[in-house]
Each structure stands twice: as C-alpha cells, then as structure tokens.
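S.K.: This is a predicted model, with the sequence first.
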Amino acid sequence: MRFPRSSGTLVHPTSFPGKYGIGDFGSEARAFIDFLEATKQTIWQILPLTPTGYGNSPYASYSAFAGNTYLIAPDILVEKNLLTKKEVSETELPSKVEVEYEKAFQNKDQLFKLASERFYSNLSTEDEKEFKLFKKQNKFWLDDYALFMACGLDKGMQPWNTWEKSLAQREPGALRNAKKKYKKEIAHQYWLQFEFSNQWIALKKYANEKGIRVIGDIPIFVDHNSADVWANPQYFEVDKKGNRKLVAGVPPDYFSKTGQLWGNPLYKWKVLEDDGFSWWVERFKHMFSICDAIRVDHFRGFDAYWEIKASEKTAENGRWVKGPGEKLFDTILEKCGELPILAEDLGFVTEGVEKLRDKYNFPGMKIIQFAFDSDSTNSFLPHNYPQNCVVYSGTHDNDTSIGWYNSAPEAEKHRVRVYTRSNGSEPNWEFIRLGMYSVADQAIFPLQDYMGLNESHRSNIPGTSDGNWTWRYTKEMLLEVDNDRILDLVINTNRK
C-alpha cells in the first residue's frame with residue numbers, strides 16, 4: 001500500500017531517559033511523542049518490541065510475539081497501586097546516556113515480582129475479566145512462552161535443547177510436571193505480558209490521538225533459543241534433539257567482509273506452506289494489532305535466503321535458496337487484509353526481490369549514507385528515488401550521519417559537499433534536508449541525527465556483539481533539539 005507524504009523519527013523505547021537504567025513506557029515516552037507533535041512529524045519508528053536475549057539485541061529474542069517487559073514503567077505501576085513510591089525510589093539510578101542492563105534487570109525483576117503478587121491478591125472483577133480476555137486472545141503463543149520462560153529462568157536461560165530430553169522434546173508428562181513445578185512463575189509471566197500490553201497500547205493510543213503512526217519491526221528469522229522454536233520445531237531446520245542444521249545470515253557486503261552469520265535456524269517453508277502459513281499469519285496479525293505499520297526486516301529473504309550449514313564459522317560459505325515469495329504474502333493478504341508494510345530491501349537485491357516488493361506496492365528503503373560513490377545513477381541518491389519509498393539518513397545499523405561523515409574518505413566528503421552545496425559542517429542536517437525535499441513518500445531520521453551526535457552515539461555495529469543497543473539520551477538532549485528547524489522543513493516539504 002502507499003503511505004501519505006510524511007516524516008518521522010527512528011528511536012527505540014530503550015533509549016528514552018528515565019530513572020531506572022533503561023527507557024520505558026512512562027512519562028519520557030510521552031515527552032518524545034510530544035516532541036513529534038510539536039514538530040508536526042507523524043511517524044514514530046521503533047525496533048522489535050520483543051524480549052531481548054543474547055547481547056540485548058532486539059533482533060535476538062526469546063519470542064516473536066511476547067513483549068520486552070523491561071519496558072514496563074514502574075511509575076505507572078505506582079499509579080495502579082501495585083508499587084509504592086518508596087519502593088520504586090529505592091531502585092532509581094543516575095541518568096546516563098547508556099542502558100545499564102544488568103542493574104535495570106535486577107531492580108525491575110524485584111519490583112515486578114512485588115507488583116505481580118499484589119495484582120493477583122487484589123484482583124478486581126473488571127481486572128480479572130480483562131486478564132482472562134488477554135490470555136484468550138493471545139493463547140496462540142502465550143501459554144508456550146510463559147512455560148518456556150519459567151523453565152528457562154530456572155536453568156539460567158541455557159538453550160532449550162540442553163534441557164532434560166523429556167522437556168526439550170515436549171513429552172506430555174514432562175510438560176504437565178513443569179506446569180505444576182513452575183505454576184507461580186508461569187502466573188508471573190502471564191502478568192508481565194498483560195501489563196506490557198496494557199502500557200504499550202495506552203502509549204500507542206496517546207501517539208495515535210496526536211496523529212502519529214507507529215511503525216514496528218518484524219525480523220524475518222527467530223532466535224534458536226526461543227519459545228517459537230521449542231514449541232514448533234516442525235517449522236524449523238533443527239534435528240530431533242533440537243540442534244540447528246541450517247542457519248541464516250547474509251554473504252559479504254557493505255557491513256561485513258565475511259558476511260553476517262546470524263545463526264537463526266532457517267524455516268522449513270514447505271511444512272509452513274502445507275499448514276497454510278498459520279504461524280506467519282498469526283505473527284502478522286499480532287503485529288498489526290500493536291503497530292500501525294510494519295517494517296519487514298531482511299525482506300529479500302522471502303524471495304531467496306542465504307543458507308549456511310550450522311557448522312560454519314562465518315557466512316562466507318553458503319548458498320541462495322528460493323523463499324516462499326508470493327505464496328506467503330498472498331496468504332497474509334487474504335487473512336489480514338490491507339498490508340501497511342515497509343520492505344527492508346537493502347544489501348544484495350535482485351530483480352526477484354524487486355518484483356515481490358512491487359507486486360504488493362510495498363515501499364522500499366533508501367539510505368542517504370550509501371549515496372556518495374562516484375555513480376550519478378546510484379539508487380540511493382535522492383534524484384533517483386521513486387515516490388513509493390522511505391528515505392533515511394541512516395538506520396540503527398549505520399553510524400550517525402556526523403560519525404559517517406567524519407570517517408568517510410575525502411572523495412566521498414567532497415561529493416557530499418558538492419551535492420548539498422554546503423561546506424560539510426552539518427552533514428546531519430544536510431542529509432535531513434535532502435530526505436525531506438526528496439519525492440520519497442516517507443522521510444524518517446534517527447533521533448541521533450536530529451540531535452547532531454557523533455559516532456559515540458551509534459546504536460549498533462553489525463557483525464559485532466559487544467557494546468551495542470546501549471544508547472540513551474537525556475531529557476536535556478531532547479530539549480536542545482532545534483524544533484523550529486525541523487518544523488520549517490516539515491512544512492516547506494509538505495510532510496505535515
């Protein structure tokens with residue numbers, strides 16, 4: 001589908017300021033939405049909201065459906081009388097420009113246990129009704145996820161295929177015993193997801209009422225150590241013991257000379273197709289229920305994906321395998337109706353990928369940082385854009401625009417200065433201006449670029465595992481953004 005001419009900001013909720021070591025759905029999230037409203041931006045793009053696993057990456061999750069409950073705001077729990085001001089004040093941390101995962105997890109785990117116990121012990125008739133409805137509506141994934149987390153937490157979140165054989169292979173007796181043994185923790189996991197859902201839906205409503213759409217994110221693959229693979233091994237390339245056989249990644253490209261070995265188990269697409277793609281249909285239905293539109297990560301993998309043997313150490317030795325293509329999206333279109341999808345079509349894109357994208361009128365992505373080689377026909381240069389696309393200065397996988405410019409070869413810097421008719425002193429604003437004035441229907445920029453931040457504020461470096469996903473800003477940093485400059489660009493380019 002086509003999207004209206006508009007503009008927005010890319011920032012994940014973990015990056016919001018706050019007192020608890022990690023951003024959340026509380027007052028600072030609303031302050032950010034107020035910033036969007038003040039600058040007449042109508043898009044807020046986020047990363048996956050799912051629970052993070054290894055490396056705290058939102059793209060390595062214990063579930064494709066559950067929410068990251070560390071985004072729950074303690075202050076809202078105080079408003080609900082599930083916690084006291086004194087209890088939450090004792091877990092406050094000094095404001096920093098990085099997520100303090102270990103401290104935040106420890107403190108929030110403690111607070112949420114208290115809140116969960118009080119929820120169950122003081123359950124009103126209305127709350128009980130809403131809670132039962134939530135569990136019923138999310139039964140497709142919630143029961144397996146709650147049991148998976150209860151078992152996993154007791155085992156230090158070790159991969160499920162290392163659990164005792166009977167539980168790893170989901171023998172009925174072992175499942176019954178686990179449900180009894182972990183009854184209390186399972187109930188806690190239910191409440192965590194219920195509270196996450198309530199807080200997120202309330203925040204999204206706040207944004208929607210101000211005319212702001214939320215663009216979510218679906219990673220094409222799921223993590224091996226996830227409730228999805230444990231509960232549905234028939235859909236994934238794992239052996240009878242649960243070990244990975246074939247895994248996902250991408251061949252060498254701009255981001256990495258040896259490619260990226262993601263390690264996610266590949267799908268058994270024929271099995272999924274024979275089952276009417278039911279798992280994928282439920283996944284899209286769920287995402288459309290919590291977001292207004294979805295960026296589909298690694299869209300090219302639906303046309304063809306890079307298959308790597310699980311024994312490989314890098315992604316160099318792999319092969320392209322045909323994906324489900326139109327069969328999948330025809331099914332999702334039939335079951336879900338209109339598909340407000342953005343296709344992440346970066347990297348090695350073939351004619352087949354473009355045909356699949358264009359059949360459903362999905363806008364692709366344009367990255368300005370990729371534009372300044374010596375080729376005037378470079379598809380990332382704004383004068384070559386189609387209308388039906390989304391332009392970014394960079395994404396979460398790129399450096400900030402100032403960081404990119406600082407490290408770019410002099411020849412590229414020169415081309416930037418010539419193309420933008422500038423002296424190169426504000427590459428972030430030059431890229432924002434290029435995007436805003438382009439024909440692209442949507443122009444979205446990382447918050448770091450609006451703030452004029454350098455490479456030390458980068459979100460992620462693909463192919464590395466340390467130090468990523470920690471960036472946060474402070475209240476003062478948002479207040480220092482030049483709102484008038486953004487507003488002028490939005491109005492002058494008719495993106496309001």
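M.R.: Looks like it arrived, so ask away.

S.K.: Can you name every helix or strand that the lowest-mean-pLDDT helix or strand in the chain contacts?
M.R.: Using mean pLDDT, DSSP states H and E, strand 260-265 stands out as the lowest-scoring helix or strand of the chain, at a mean of 93. Counting contacts by 3 or more Cβ pairs under 8 Å, 6 or more residues apart in numbering; DSSP states H and E, strand 260-265 packs against strand 246-250. No exception for glycine: its C-beta is placed from N, CA and C like everyone else's.

S.K.: picking that back up, what comes into contact with the least confident helix or strand of the chain?
M.R.: With contacts defined as Cβ atoms under 8 Å, 6 or more residues apart in numbering, strand 260-265 is touched by 221-224, 229, 236-238, 244-250, 253, 308, 310, 312-315, 462-463.

S.K.: so which helix or strand takes in Lys257?
M.R.: Using DSSP states H and E, Lys257 falls within no helix or strand.

S.K.: separation between it and Asp297?
M.R.: According to Cβ to Cβ, to the nearest Å, Lys257 stands 22 Å off from Asp297.

S.K.: List buried residues within the contacts of strand 260-265.
M.R.: Among these, those classed as buried by 16 or more other Cβ atoms under 10 Å are 221-224, 229, 236-238, 244, 246-250, 308, 310, 314-315, 463.

S.K.: quick revisit: restricting to C-alpha, output the very next helix or strand once past the least confident helix or strand of the chain in CSV.
M.R.: With elements assigned by DSSP H and E, the helix or strand that comes after strand 260-265 is helix 269-274. Output in CSV follows, covering the C-alpha atoms of helix 269-274 (Å, rounded to 0.1, in the frame of the first residue of the first chain):
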residue,chain,number,x,y,z
TRP,A,269,9.0,-23.4,4.2
LYS,A,270,7.3,-26.4,2.7
VAL,A,271,6.0,-27.5,6.1
LEU,A,272,4.8,-24.0,6.8
GLU,A,273,3.0,-23.8,3.4
ASP,A,274,1.3,-27.1,4.0
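
S.K.: avg pLDDT for helix 269-274?
M.R.: Mean per-residue pLDDT for helix 269-274: 99.

S.K.: Packing partners of whichever helix or strand comes after that helix?
M.R.: Once the chain leaves helix 269-274, the next helix or strand it forms, by DSSP H and E, is helix 278-290. Judged by 3+ Cβ pairs under 8 Å, 6+ apart, helix 278-290 is in contact with helix 139-154, helix 183-209, strand 213-218, strand 293-296, helix 326-336.

S.K.: which residues sit against helix 278-290?
M.R.: Applying Cβ under 8 Å, 6+ apart, the external contacts of helix 278-290 come out as 49, 64-65, 138, 140-141, 197, 200-201, 204, 216, 218, 228, 232, 235, 272, 294, 328, 331-332, 335-336, 339-340.

S.K.: Could I have the buried ones of those as ChimeraX selection syntax?
M.R.: Command for ChimeraX, covering only those of these found buried under the criterion 16+ other Cβ under 10 Å:
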select :49,64,65,138,140,141,197,200,204,216,218,228,232,235,272,294,328,331,332,336,339,340
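
S.K.: Assign a three-state SS to the residue sitting furthest away from the middle of the chain, would you?
M.R.: What lies farthest from the middle of the chain is Gly173; by Cα atoms, centre = their mean that is 36.0 Å. Per DSSP: H, G, I helix; E, B strand; the rest coil, the secondary structure class of Gly173 is helix.

S.K.: That one and Glu37, how far apart?
M.R.: Counting by Cβ to Cβ, the separation of Gly173 from Glu37 is 55 Å.

S.K.: ditto for Ala187
M.R.: 39 Å.

S.K.: Also Ser465?
M.R.: Taken as Cβ to Cβ, the span from Ser465 to Glu37 is 37 Å.

S.K.: Between those two, which is the more surrounded one?
M.R.: Remark: of Ser465 and Glu37, Glu37 carries more neighbours, 16 against 11, as counted by other Cβ atoms under 10 Å.

S.K.: picking up where we left off before, so between Lys257 and Asp297, which is more surrounded?
M.R.: Just comparing Lys257 and Asp297: by other Cβ under 10 Å the higher neighbour count belongs to Asp297, 18 against 10.

S.K.: hang on, isn't the more buried one packed against Ile220?
M.R.: Yes. Because the distance of 5.8 Å satisfies Cβ atoms under 8 Å, Asp297 is recorded as touching Ile220.
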